[in-house]
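*Asks:* coordinates only, no sequence provided:
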């Protein structure tokens, strides 16, 4: 396992995830570790029922996308924290055995070995 290579992959992915998150959400002003979906913008009159429905639908779509991106963002961030602290990176969170190199090559943010993969 090449930790420096994996660290670079994770840093690149984290930057990409931040950009993608910013397109559908924003950092929660009350909790900097949390993201919240942005409402979509429309050009129709404010009291139009169709516009309201469109805004709700757009918000729900953004929220679904944001949830997936935020989960991956946190996985990547946690892996980088383990690398930077020198504690626990590359070890299965279930059995504490080393995670297979092929698994970490495929997913540098993996937290379990193949045997304990969800």
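*Replies:* Nice, I can see it. Quantities reported herein were computed from a predicted structural model and do not represent experimental measurements. Residues are numbered from 1 along each chain as shown.
*Asks:* residue ranges with poor pLDDT in this protein?
*Replies:* 1, 39-48, 50-58 (pLDDT under 70).
*Asks:* mind doing that once more with 90?
*Replies:* Confidence mapping of the chain against pLDDT under 90 gives the ranges 1-2, 22-65, 118.
*Asks:* can you show me the helices along this protein?
*Replies:* Using DSSP state H, the helices of the chain run over 3-24, 49-85, 101-106.
*Asks:* residues contacting the last one, please?
*Replies:* With CB atoms under 8 Å, 6 or more residues apart in numbering as the contact definition, helix 101-106 has outside contacts at 1, 6, 90, 110, 113-114, 117. Yep, even glycine has a C-beta here, placed from its N, CA and C like the rest.
*Asks:* so how do I select the buried members of those residues in PyMOL?
*Replies:* A single PyMOL command selects the buried members of the contacts of helix 101-106 (16 or more other CB atoms under 10 Å):
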select buried, resi 6+90+110+113
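*Asks:* can I get the contacts of helix 101-106 in a markdown table including distance to residue 24?
*Replies:* Formatted as a markdown table, these follow (distance: CB to CB, whole Å):
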| residue | distance to residue 24 |
| --- | --- |
| 1 | 33 |
| 6 | 27 |
| 90 | 32 |
| 110 | 25 |
| 113 | 33 |
| 114 | 32 |
| 117 | 28 |
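*Asks:* no further questions, thank you.
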